[in-house]
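In: Provided below are the primary sequence and the corresponding predicted coordinates.
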Amino acid sequence: MTSRSVAVIVGSLRKESFSLKLAKSLAALAPTLTFDVVTLNGLSFYNQDLEATPPADWVAFRDRVRKADAVLFVTPEYNRSVPGVLKNAIDVGSRPYGQSVFDGKPGGVISNSPGALGGFGANHHLRQSLTFLNIAILQQPEAYVGGIGDAFGADGGLVKESLRDFLKQYLSAFEGWVDRIAK
């Protein structure tokens, strides 16, 4: 297998967010993939009027995603959907129309929640948008991480063995998917 780069887009702004901790934990679980954890702090709101001279933060975000072989979204669920910052990032990356940085990339979604459903609503809403953007989303296994509240130690490291085992299986499938789809 070829080493592949993955832009891991974190759908939460909170510095101690479970999504960010989860994203940072992935590198140790899939050593043949190179992860670039992309946080959305500082990414300004999309406004088509600014496309003539896009803001520097849009350009930087687009460049990071464009250079990746694949994209993996790690997101919490807000009100049975994705956080607004994640939707904004999708809008920034998919514009201007016909120049989406996501087009044709293999992708995946890992949703999480302290509750039992593991971000099911966010996962499915996100998949709907990603399908339209022509991201080839890994269908199986699906990754809904419920009960994430006790998954990390005081240092932010992953301590929940059952989650570590699941993520290893998910990332193994994701790596195979990326190898199959990536150009």
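Out: Thanks, I have it.

In: now V59: how far from E77?
Out: Counting by CB to CB, to the nearest Å, the gap from V59 to E77 is 30 Å. For the C-beta atoms, the positions are set from N, CA and C on the backbone; glycine is no exception.

In: And for A27, the neighbour number?
Out: 16 (other CB atoms under 10 Å).

In: Please name the residues that touch the spatially most distant residue from the centre of the chain.
Out: Each residue of the chain has a distance to the centre, and by CA atoms, centre = their mean the biggest one is for A52: 27.7 Å. Applying CB atoms under 8 Å, 6 or more residues apart in numbering to A52 gives no contacts.

In: how close does it get to P96?
Out: With distances taken as CB to CB, A52 is found 10 Å from P96.

In: Next, the distance between the ends of stretch 26-43.
Out: Start and end residues of stretch 26-43 are separated by 23 Å (CA to CA, to the nearest Å).

In: what residues does that stretch touch?
Out: For stretch 26-43, the external contacting residues (CB under 8 Å, 6+ apart) are 1, 3-11, 13, 20, 23-24, 57-58, 61, 64-65, 68, 72, 74, 85-86, 88-89, 92, 158, 164, 167-168, 171-172, 174-175, 178.
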